[in-house]
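Colleague: Sequence first, predicted coordinates after that:
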Amino acid sequence: MLSNKIRILAVDDKEENLTPLKSILESPSCTVTTALSGRDALRLIMQEEAFTLILLDVRMPDMDGFEIATMIRQSDRNANIPIIFLTAYDANNEDIRKGYILGGVDFIQKPFNMEILKAKVEVFADLHCKDLEIRRQSKQLSTANVKLADTNRKLMERQQELADKVIDLEKAEEQIRKSLAEKEVLMKEIHHRVKNNLQVISSLIGLQSDGLKDESVRKILQNMISRVRSIALVHEKLCQTSDLAHIDFGEYARSLLNKIWSANGTNTTDLRMTLDIQSVSLSTDTAVTCGLILNELVVNALEHAFQGRVDGEVTVSLHNGDDRRIHLCVADNGVGLPAGFDLRQTKSLGLRLVQMLSKQIDANVGLGDGDGTRFEIVFELQDSFPT
């Protein structure tokens with residue numbers, strides 16, 4: 001079912017197409033606003049409260065759907081709104097690629113199967129709402145981490161001041177330890193709750209996936225589950241450590257890889273996983289990003305590298321170089337990349353996510369030579385504490 005306060009914008013230059021859309025989608029928990037032109041749609045998007053999802057006709061006389069999507073993505077407030085493109089023509093590969101680059105989540109051919117359209121709208125609207133909630137919680141958690149670091153610094157400065165006076169230092173130190181212990185318990189409880197919330201979201205997505213017949217949507221949801229679980233694992237590790245601003249990414253990577261391996265059924269095949277992983281301390285934000293990158297590359301290898309084979313090897317290495325540069329490598333001895341493969345032009349959602357996530361940590365993404373496939377992510381090790 002759709003979450004509360006769902007707002008959908010349907011854009012089509014023919015009113016006879018908008019009327020049935022509004023009829024089948026609108027409910028007490030979902031409002032549908034319609035626009036008969038691209039200019040009307042942009043006015044609504046820029047002036048009204050943010051929409052949860054946009055149904056956008058590709059071919060319209062004043063502005064086509066791609067032009068509208070481009071302008072939507074230029075607005076920070078609307079940059080992450082999912083767009084489902086509607087078309088009366090057979091979409092070619094170039095149109096599909098362009099649509100996905102502009103943030104499209106699906107292409108639907110006219111005339112619509114209304115039940116399938118409704119199911120897809122519900123799925124993507126719910127996913128967007130859950131994504132907004134995760135972003136909100138992550139922002140709160142990041143703010144709390146910074147405040148905790150600042151509090152620790154101030155407490156250390158106060159401890160030094162007390163050491164210079166005629167004062168019962170042992171009593172002061174006991175007060176400081178008690179304050180830090182209380183804050184540590186609070187932060188661990190926050191991490192624990194975020195982890196539990198992410199696991200609930202993962203389970204809800206799984207339940208919704210089980211009820212869908214559209215295999216493409218099911219695959220999208222399964223990939224989403226894997227990504228949510230990757231983030232949840234970071235918070236699980238933070239529940240168990242005394243350093244709430246950093247995480248041992250080497251230990252985290254081993255746990256994550258074992259979960260990926262089990263989830264994909266590779267424990268019952270002759271596929272092998274070889275790990276060469278050092279202990280590397282990363283800030284929480286960087287660890288989340290690297291965990292998502294690792295998830296995408298390993299899942300991509302398991303899905304595509306060993307087509308028709310039950311044997312093979314995936315190798316993951318993690319090293320901290322002398323120049324404070326982290327080297328994260330995922331390689332396999334599978335079929336390799338197709339001739340002329342260009343990472344910048346890839347249509348793979350997983351590899352596009354890898355490139356996007358790499359930019360967040362200023363990492364370089366490289367492809368290795370030789371048999372099979374080899375991806376190497378290189379970035380500088382940075383401190384997460386403010387100076």
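Modeller: Arrived safely, thanks for sending. Since the structure is predicted, the reported quantities are computational estimates derived from the model, not experimental observations.

Colleague: From here on, just use CA atoms for contacts and neighbour counts.
Modeller: Fine.

Colleague: Look up how far residue 50 lies from residue 258.
Modeller: The gap separating residue 258 from residue 50 is 40 Å, by C-alpha to C-alpha, to the nearest Å.

Colleague: With adjacent residues omitted, what lies nearest to residue 42?
Modeller: residue 68 (7.1 Å; C-alpha to C-alpha, 6 or more residues apart in numbering).

Colleague: Show the pLDDT at that neighbour.
Modeller: In this model, residue 68 is scored at 87, pLDDT.

Colleague: and the gap between it and residue 37?
Modeller: 10 Å.

Colleague: tell me which element the residue nearest to residue 42 falls in.
Modeller: helix 65-73 (DSSP states H and E).

Colleague: quick one: buried residues of that helix?
Modeller: Of all the residues in helix 65-73, those buried under the rule 16 or more other C-alpha atoms under 10 Å are 65-66, 68-69, 72.

Colleague: Stretch 308-327 now?
Modeller: 312-320, 326-327.

Colleague: just stretch 71-84 next, same as before
Modeller: Neighbour-count burial for stretch 71-84 [16+ other C-alpha under 10 Å]: 72, 78, 80-84.

Colleague: All the strands of this structure, residue numbers only.
Modeller: Here the chain has its strands, by DSSP state E, at 6-11, 30-35, 53-57, 83-87, 104-109, 246-248, 270-277, 281-283, 311-320, 325-332, 364-367, 373-380.

Colleague: Tell me which of these approaches residue 166 most closely.
Modeller: When the strands of the chain are compared by C-alpha to C-alpha, strand 246-248 sits nearest residue 166, at 36.5 Å.

Colleague: What average pLDDT does the closest one get?
Modeller: Averaging pLDDT along strand 246-248 gives 81.

Colleague: My read is that residue 89 contacts residue 108, right?
Modeller: No: using C-alpha atoms under 8 Å, residue 89 is not in contact with residue 108; the gap is 9.8 Å.

Colleague: For these two, list the residues in contact with both.
Modeller: Shared contacts of residue 89 and residue 108, defined by C-alpha atoms under 8 Å, 6 or more residues apart in numbering, are absent.

Colleague: In terms of neighbours, single out the busier of the two.
Modeller: Of the pair residue 89 and residue 108, residue 108 is the one with more neighbours under other C-alpha atoms under 10 Å, namely 21 against 12.

Colleague: Apart from its neighbours in sequence, what residue is nearest the more buried one?
Modeller: residue 86 is the one closest to residue 108 (C-alpha to C-alpha, 6+ apart), at 5.1 Å.

Colleague: On the strand side of things, show who that neighbour bridges to.
Modeller: Applying DSSP bridges to residue 86 gives these bridge partners: residue 57, residue 108.

Colleague: hang on, the earlier thing: closest one of the buried residues of helix 65-73 to residue 286?
Modeller: Of all those, residue 72 has the smallest distance to residue 286: 28.5 Å, by C-alpha to C-alpha.
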